[in-house]
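J.: Sharing a model that was predicted from the sequence below.
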Amino acid sequence: MFDLQCDAEDLFSTLQLSQTTPLPVTLHIQSLGYQPEILQGTATYKPGSRTSDAGTWSFQWNASRAITNANLLPNNSPTHKENRDAQPLFIQLRATHYKAGTVVVTATRTQKDLEEVTLPVSVITEREISNSGSTRISEILEEQTGLQLTSDFGTGIQIQGFDADYTLIMLDGEPLIGRIAGTLDLNRISVHDIRQIEIVKGPSSALWGSDALAGVINIITKKKTDPMAADLSVRYGKNNAADLGGTLHINREKASHRLFLNGNRSDGYKLNSTLTGQTVPEFRNGTASYRGTVQISDRLTSTTSLRYFREKLFSETVLQINETQQTEVRTDDTQDDISATQRFLWTPFDQVETSLSWYYSTFSSESILTQIESGEFFERLYFRQTYQKPELQTDIRWSSYHQSTVGFGLIGETLSSQRYPSDPQVSTRFAYAQQSWSPTPGILEFTAGLRFDHHSDYKAQLSPKFSARYRISDRLQLRASAGRGFKAPDFRQLFLDFTNSTAGYTVYGSSTVREGLQQQIERGLIAQIFLAPEQLSEIRAESSWALNSGFDLDITPDFRFRTNLFWNHVTDLIEIAPIARRTTGQSVFTYFNLDEVITRGGEAEIRVLLAESWTVLAGYQFLDARRLIENTKTVQDDEGELIQVTEKRFEPMFNRSAHTGNIRVFYQGIDGWKGALKGTFRGRYGLFDRNANGFADQDEYESASMIWDLSAGKTIRFQTPQRPELTLRTGIDNLLDYTDINQPFYAGRLWYVQLQVRL
């Protein structure tokens, strides 16, 4: 007659009963770590409703069957008996971690319990984000096992040894654009409006297409069920860093609205006093977003999402005008990121769900350079990218253990910049299908997927993936997956046409190099040709085959151990190389499919609940990332003849640490006090190729580092019908004052105070 599930971590529960007459009920709820609560419930016709943050419980009720008592644990059904005179329902939620009922969507494009996903997926919950005291998503991701921050035209993220441009970053299932040199700056994203972050490791092109060769990070925004809810966060810290964010939720019977506003600023900081300008410049940015949902009918829902982000940066630097002359300039940078999504969700039958969406996004940047001494205009640089994607997806639930997903769509992109004279346009048509089947429900499950991408400027791609999950016992389950991923050549690698007037070199994309090089030859600007124009060909998409395998072991109900082993073999990596020498002595460059890379390793994580109020999380990753190095040399054969021999070997890659790890200790008491101690370890890594041999030598390694963060706070809950909360937190990031000019996201010891209010 009913199915009762609960999420102990978030104190959410769902109850589904047969069709019935609505009845009011009173719920007495007690959870370890929280004061007992008496909640007034209301009966509704909507099945599977969840408790709101304020504690209002709405569900479907059967008047002929009353639940008289329950000692509730996750995924356990309560006892019940026939009784029209219902007594209060007593529910005791016991803190646990391995059956939390967390729902994820990134791994399969459909809602699925985290425990039932066949892929290696990590979830950062809203509670963990809130307790961290962080303001930008980069601060959250650097604490996660197997993720490493990088600094290259912004703060990016490495997954399984891949550079930042191999990971797809999404917001509510739609890709964020505006990468500079392949890096999408994670500091553009505020954490205040995030419900959870889903991280899928390993190639995910079978569902999400290009840029998902290393994995996918999907940022899911908050959704509230209260008639009205609001929250506000204010933080101030060192370097005049300030952050202000607020969210307002309004929900009616057939419509809901969410408005989010955020402002973030800092005076920046300087790690090297001998250089002009700051390591991280002064900046200020703002974000505004809106989501509105309207239930047009019982089977049709419309959702509209809008987002706007603007950032302004102010910096000073020294430019080399010629061999003997320099000038100091001030740079005013402005970045704008605008996106809009319209989605219709139609359920023609109970087992069929169809989503029709249209996503539009544009990213633009403008840099104005002014000479500091004279105040005269020096240069203007601009860049504008647009992205559009209509898509149709249909999910068919043949049964509770058999589900199919099919979809298709079109991606159109344009670019405008002075470095791309032709204002290039590209398009991609795609289609995908996925099948999930559990021959033995709860024990064995298989998922197979396939995606076809047809691009206007490179060869079509076919991306298959297969994964499986096997539950050996209530405490142990295995996961394994194999699949292919790809990364499309970006605008820079295809269409760039740029000559540095100061240094004298030229860089062409593979689509512009023939015409551009021929023009320079005709103008007499080329002194030597390394590769004739007719020998140049279009570059191919980078591709990889990967394996992931691991297990989840619940040693006790409060102690989980998780592992994942991975192996990635990447071919056709795109590299830049010279093809000619100009009369000035400088080179002409273009892009080729030259490289081959293997990354392999493993990661392990533990999660332990101690004494009801303490949680300990720790993780470690071993990474072996190597690239193919080819050297040609002249030797004598057995007959004394001189011959050329090509040696091939795999050597360590730069900016990859073999050993990384983290430890996090959280305290949350019943009296509202909370605290966190977090440590992030990075082992030694090669950084600069001082002898230009293409790989990291032993004397080119940077030292290992350990970063510690400490915070403490107090939450006050007011006993009013609205149950508002006030949290005051203070903390110190980078407690030991570690700095490295090559890792500018570590600004030394930073203090902050933060106030959060939830209504």
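T.: Yep, it's here.

J.: who's in contact with the closest residue to P424 other than its chain neighbours?
T.: Closest residue to P424 apart from its sequence neighbours, by Cβ to Cβ, 6 or more residues apart in numbering: F495 at 4.2 Å. (Glycine included, C-beta is placed from N, CA and C.) For F495, the residues meeting the contact criterion (Cβ atoms under 8 Å, 6 or more residues apart in numbering) are L415, Y420, S422, P424, G509, S511, T512.

J.: Separate out the buried members of these.
T.: By neighbour count, with 16 or more other Cβ atoms under 10 Å, the contacts of F495 hold L415, Y420, P424, G509, S511, T512 as buried.

J.: Cross the contacts of F495 against strands and list the overlap.
T.: When those are checked against strands (DSSP state E), the matches are L415.

J.: Closest one to G683 out of the contacts of F495, please.
T.: Relative to G683, the closest of these is G509; by Cβ to Cβ it sits at 36.4 Å.

J.: Model confidence score at that closest one, please.
T.: At G509, the model reports a pLDDT of 88.

J.: Am I right that it is in contact with F589?
T.: No - in this structure, G509 is not within contact of F589 by Cβ atoms under 8 Å, at 10.3 Å.

J.: after the host helix or strand of P348, next one along is what?
T.: Remark: P348 resides in strand 326-349, with elements defined by DSSP states H and E. Downstream of strand 326-349, the next assigned helix or strand under DSSP H and E is strand 352-371.

J.: what packs against the helix or strand containing N568?
T.: In this structure, N568 sits in strand 559-582 according to DSSP H and E. Using 3 or more Cβ pairs under 8 Å, 6 or more residues apart in numbering; DSSP states H and E, the elements in contact with strand 559-582 are helix 513-522, strand 526-529, strand 542-556, strand 587-610.

J.: quick one: which of the ones you listed is nearest D333?
T.: Relative to D333, the nearest member of the helices and strands packed on strand 559-582 by Cβ to Cβ is strand 587-610, separated by 25.7 Å.

J.: If we go by neighbour counts, what in that closest one is buried?
T.: Taking 16+ other Cβ under 10 Å as the criterion, strand 587-610 shows 587-593, 595-609 as buried.

J.: What mean pLDDT does that strand get?
T.: Average pLDDT, strand 587-610: 90.

J.: ok, then the element right after that strand?
T.: Next element after strand 587-610 (DSSP H and E): strand 614-636.

J.: tell me which residues in that next one are buried?
T.: For strand 614-636, the neighbour count (16+ other Cβ under 10 Å) marks 615, 617-628 as buried.

J.: Relative to it, what are the paired strands and their orientations?
T.: Here strand 614-636 is paired, per DSSP bridges, with strand 587-610 (antiparallel), strand 642-652 (antiparallel), strand 659-668 (antiparallel).

J.: so which of these gets nearest K201?
T.: Nearest to K201 among the strands paired with strand 614-636 is strand 587-610 (8.6 Å), distances taken as Cβ to Cβ.

J.: from the contacts of F495, which is closest to S233?
T.: Using Cβ to Cβ, the contacts of F495 come closest to S233 at L415, 36.2 Å.

J.: Who is the closest one paired with across the strands?
T.: Q385.

J.: Over to the one 5 residues further on?
T.: According to DSSP bridges, S417 are recorded as the beta-bridge partners of Y420.

J.: I'd guessed it sits against F491; true?
T.: Yes - Y420 is within contact range of F491, at 6.7 Å (criterion: Cβ under 8 Å).

J.: Point out where the stretch 501-650 of the chain drops to low pLDDT.
T.: Within the stretch 501-650 of the chain, the stretches with pLDDT under 70 are 501-503, 631-646.

J.: One more: the chain?
T.: Applying pLDDT under 70 to the chain flags the ranges 1-101, 320-324, 501-503, 631-646, 692-694, 721-722.

J.: The residue lying closest to R343 once chain neighbours are set aside: neighbour count?
T.: Counting by Cβ to Cβ, 6+ apart, S357 is the residue found nearest to R343 once chain neighbours are left out, at 4.2 Å. Other residues near S357 come to 20 when the count uses other Cβ atoms under 10 Å.

J.: how near is S357 to Q393?
T.: Distance from S357 to Q393, counting by Cβ to Cβ, to the nearest Å: 8 Å.

J.: shared neighbours of the two, which are they?
T.: Residues touching both S357 and Q393 (Cβ under 8 Å, 6+ apart): there are none.

J.: Now do the same contact list for the spatially closest residue to T362 that is not a sequence neighbour.
T.: Distances taken as Cβ to Cβ, 6+ apart put T386 closest to T362, at 4.7 Å, once the chain neighbours are dropped. Contact partners of T386, counting by Cβ under 8 Å, 6+ apart, are Y360, S361, T362, E413, T414, L415.
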